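Chemist: Model the following, please.
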Amino acid sequence: MKMNHDSDDRTGGAPTPMCSRRSFMRVAAASGGAGLLSAGLLPTIVEARVGSPSQVVLPPATPGIAPFKVHVPQQMLEDLKKRLGDTRWPDKEPVTDWSQGVPLAKAQALVEYWSSQYDWRRVEGALNARPQFRTEIDGLGFHFIHVRSKHESALPVILTHGWPGSVVEFLQVISPLVDPTSHGGKAEDAFHVVIPSLPGFGFSDKPTESGWRLPRIANAWAQLMKRLGYSHYVAQGGDWGASVSSWMAKQQPSGLIAVHLNLPILFPPPPPPPGGYTAEEQAALAQLERFSTDASGYASIQGTRPQTLGYGLADSPVGQAMWIYEKFQGWTDNKGDPEEAISLDHMLDDITLYWFTNTAASSARLYYESFRKDFARMPLELPVAISIFKGDMFTPPKVWGERTYSKLFYWNELDKGGHFAAFEQPALFTEEMRKAFRQMR
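Modeler: Numbers count the residues shown, from 1 in each chain. From the prediction side, this is the model:
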């Protein structure tokens, strides 16, 4: 093992042990907690081994807050390109739309771009430009981004992604939330931002035993915020992130004052009023029916046989890509082409993260754990704010929110954006966060 004597401001210029970069992903690990980090004590630089040419293996996490950097070795990029070149394609679909899944021509165009033009190093640099960490909570290592605002009055917020999302969904909103004065806002709009990766997603650990359901994740997030020293904070999420945030509101951990949801979990719907459901409510019921009959197959598979699904997606980057790409088409605000809502580069940022971390099966297992047990409407007594983006798969009426959330203090319906709100409409998402939480400061 060689010693690297290059100076690093974060380690006080101290020498740090280094392993071979050729087969390792660089990760900085520290033994101390948040207090030790802020005191400037020296972290030890360690390396996470590559388990195969196509998968990273993370270093063990500790209860301390360990600085983290992403570096995917070149051999993994080359392995991905080779696998893409070796793809065996299915027959062309007999329809002219996306009704049977991703059209062959669209799939081949995405793979051609992925292989010849896409630059993973760009998003890797974007991630590493933000402070990232890993810490162990309840026996599992969690990855998270943590960016503090320069404004002392900033409100801490924990943002939670869903499936098939990841922390990259929020990269475009971090700076506007943390530094509003440089992005059209006021100092009093500032947030301290915490963005964890769900268990089994991204650079968080993959559970090796059953039991990581939504209530347990919600409790882990509360522990994370406490560990970071936040005694007063809010939570935000869509998709699984909305359920995690809702479970946090239900558990009411010390310090959590409100939640914001961009996919309120308002299904199954409240019972009909004496006069029956209104036209607006019936439209929402029709959305739920369409999802159940035409769009829920992925959830049934992930909720019952995630392991079997994982073999194909872990072995084929094209299989992994199309499993996600279809959702970007079906759940975003577009007129048929997902690139109308999210750039191909940004979609591939998310897809490639799933590929390099080999998290197809481990992310799908969240459905097995919680989809039928914890992912449902629940009354909440904590203050709740809602933003409805019209292109989402489900846009419930306000009356359902009023019947479910006793302290619903904000409801806004936007005419642009869809399921991946921060990814699709970062400016609108940022403004919704500012407006919703102004009265909570």
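Chemist: got the domain boundaries for this protein?
Modeler: Domain segmentation of the chain under automatic domain parsing yields 1-73, 87-441.
Chemist: weakest of those domains by average pLDDT?
Modeler: Mean pLDDT is lowest for domain 1-73 among those, at a mean of 50.
Chemist: can you give me the helices for the stretch 151-300 of the chain?
Modeler: If DSSP state H, counting those that start in this stretch is used as the criterion, the helices of the stretch 151-300 of the chain fall at 171-178, 214-227, 240-251, 279-290, 297-304.
Chemist: how about those helices, which one is nearest residue 113?
Modeler: helix 171-178 (19.9 Å; CB to CB). Heads up, the C-betas are built off the backbone N, CA and C, glycines and all.
Chemist: okay, the closest one in PDB with CA atoms only?
Modeler: In PDB, the C-alpha atoms belonging to helix 171-178 read as follows (Å, rounded to 0.1, in the frame of the first residue of the first chain):
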ATOM      1  CA  LEU A 171     -28.900  17.700  -8.300                       C
ATOM      2  CA  GLN A 172     -30.400  20.600 -10.200                       C
ATOM      3  CA  VAL A 173     -32.300  22.000  -7.200                       C
ATOM      4  CA  ILE A 174     -29.600  21.800  -4.600                       C
ATOM      5  CA  SER A 175     -27.900  25.200  -5.300                       C
ATOM      6  CA  PRO A 176     -31.200  27.100  -5.700                       C
ATOM      7  CA  LEU A 177     -32.500  25.700  -2.400                       C
ATOM      8  CA  VAL A 178     -29.200  26.300  -0.500                       C
END
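Chemist: Report all helices and strands that it contacts.
Modeler: When contacts are defined as 3 or more CB pairs under 8 Å, 6 or more residues apart in numbering; DSSP states H and E, helix 171-178 sits against helix 120-128, strand 140-147, strand 191-196, helix 421-424, helix 426-437.
Chemist: Give me whichever of those is most buried.
Modeler: Compared across the helices and strands packed on helix 171-178, helix 421-424 shows the largest average neighbour count, a mean of 28 (mean count of other CB atoms under 10 Å).
Chemist: Deepest-packed of the domains of the chain, please.
Modeler: Comparing these by mean neighbour count (mean count of other CB under 10 Å), domain 87-441 comes out on top with a mean of 19.
Chemist: residue ranges of the strands in the chain, please?
Modeler: Using DSSP state E, the strands of the chain run over 2-4, 16-18, 24-29, 44-52, 55-56, 66-68, 132-137, 140-147, 155-160, 191-196, 233-237, 256-261, 384-389, 408-414.
Chemist: can I get those strands in JSON lines with distance to residue 250?
Modeler: Shown next, in JSON lines, are those (distance: least, CB to CB, whole Å):
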{"stretch": "strand 2-4", "distance to residue 250": "48"}
{"stretch": "strand 16-18", "distance to residue 250": "43"}
{"stretch": "strand 24-29", "distance to residue 250": "34"}
{"stretch": "strand 44-52", "distance to residue 250": "35"}
{"stretch": "strand 55-56", "distance to residue 250": "35"}
{"stretch": "strand 66-68", "distance to residue 250": "30"}
{"stretch": "strand 132-137", "distance to residue 250": "19"}
{"stretch": "strand 140-147", "distance to residue 250": "21"}
{"stretch": "strand 155-160", "distance to residue 250": "15"}
{"stretch": "strand 191-196", "distance to residue 250": "19"}
{"stretch": "strand 233-237", "distance to residue 250": "12"}
{"stretch": "strand 256-261", "distance to residue 250": "10"}
{"stretch": "strand 384-389", "distance to residue 250": "11"}
{"stretch": "strand 408-414", "distance to residue 250": "15"}
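Chemist: any idea how far residue 241 lies from residue 195?
Modeler: 10 Å (CB to CB, to the nearest Å).
Chemist: quick one: common contacting residues for those two?
Modeler: 159, 160, 161 (CB atoms under 8 Å, 6 or more residues apart in numbering).
Chemist: The first one pairs with what?
Modeler: Beta-bridge partners for residue 159, by DSSP bridges, are residue 236.
Chemist: Might you report the residue contacts of it?
Modeler: Counted by CB under 8 Å, 6+ apart, residue 159 has contacts 170, 193, 194, 195, 236, 237, 241, 422.
Chemist: So the last one is in contact with residue 169, correct?
Modeler: Yes: when contacts are counted by CB atoms under 8 Å, residue 422 is listed as touching residue 169 (5.3 Å).
Chemist: before we move on, the earlier item: nearest to residue 80, out of the domains of the chain?
Modeler: Closest to residue 80 of these, according to CB to CB: domain 87-441, at 5.8 Å.
Chemist: Report the separation between the two terminal residues of the closest one.
Modeler: End-to-end distance of domain 87-441 (CA to CA, to the nearest Å): 53 Å.
Chemist: ditto for stretch 82-90
Modeler: Counting by CA to CA, you get 18 Å between the two ends of stretch 82-90.
Chemist: Next: stretch 396-415.
Modeler: This stretch, stretch 396-415, spans 14 Å end to end (CA to CA).
Chemist: sorry, back to before: and the helices and strands packed on helix 171-178: which comes nearest residue 370?
Modeler: It's strand 140-147; of these, that one is closest to residue 370 (CB to CB) at 15.3 Å.
Chemist: which other helices and strands contact the closest one?
Modeler: Applying 3+ CB pairs under 8 Å, 6+ apart, we find strand 140-147 packed against strand 132-137, helix 171-178, strand 191-196, helix 214-227.
Chemist: Looking at the strands of the chain, which is nearest to residue 78?
Modeler: Nearest to residue 78, of those and by CB to CB, is strand 44-52 at 12.3 Å.
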